[in-house]
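Undergrad: fold the stuff below for me.
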Amino acid sequence: MWFSMQYTGTSSSNLYLTPNITSDIYILRNSKGDPNNFVYDMSFKNVTANTTFNADNLGLTGSDGYSIAVYVSAVDEPANELLYGSLNVFFHESAKALSMQFITMVALAEIAIF
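TA: Numbers count the residues shown, from 1 in each chain. Down below sits the predicted model:
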């Protein structure tokens, strides 16, 4: 299951990820791009712990912004079972803050209904 976000601003920003399931993170230095496991400027694979990304430290604070995609494996394919996991995403830009929580099992169940 993929989750993505784009930041079009030029201010310093921080992204905090708190997964309880293994995830892969891909970052692209362009807010109009679509990072994935083939197209990225930076990748962080098999992330299992809380992680903080600072745009200044990673060289992402620029006029083009940046895009981030997170892949969370939601299915144990050999066992044909859904994996339960959650990914909390917190974004902070100066005085603004955005928080999102994704639960893979619920999201997959909703997709399966349609």
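
Undergrad: who are the packing partners of the helix or strand containing Gln6?
TA: Assigned by DSSP states H and E, Gln6 falls within strand 2-7. Packing partners of strand 2-7 (3 or more C-beta pairs under 8 Å, 6 or more residues apart in numbering; DSSP states H and E): strand 66-72, strand 86-93. For glycine as for every other residue, the C-beta is placed from the backbone atoms N, C-alpha and C.

Undergrad: to Leu17, which of these lies closest?
TA: Leu17 lies closest to strand 86-93 among the helices and strands packed on strand 2-7, at 5.9 Å (C-beta to C-beta).

Undergrad: give me the buried positions along that closest one.
TA: Leu87, Val89, Phe91, His92, Glu93 (16 or more other C-beta atoms under 10 Å).

Undergrad: same check on stretch 6-25?
TA: Here stretch 6-25 shows Gln6, Tyr7, Ser13, Leu15, Leu17, Pro19, Ile21, Ser23, Asp24, Ile25 as buried, counting by 16+ other C-beta under 10 Å.

Undergrad: same deal with stretch 45-65?
TA: Val47, Phe53, Ala55, Leu60, Thr61, Gly65.

Undergrad: likewise for stretch 65-80?
TA: Buried, per 16+ other C-beta under 10 Å, within stretch 65-80: Gly65, Tyr66, Ser67, Ile68, Ala69, Val70, Tyr71, Val72, Ala74.

Undergrad: Leu58 against Met42, yeah?
TA: Yes - counting by C-beta atoms under 8 Å, Leu58 touches Met42, with 6.8 Å between them.

Undergrad: which residues are common contacts for these two?
TA: Shared contacts of Leu58 and Met42 (C-beta atoms under 8 Å, 6 or more residues apart in numbering): Ile27.

Undergrad: closest one to Arg29 among the helices and strands packed on strand 2-7?
TA: strand 66-72 (5.6 Å).

Undergrad: what residue ranges in the chain score low on pLDDT?
TA: Applying pLDDT under 70 to the chain flags the ranges 94-114.

Undergrad: many thanks, have a good one.
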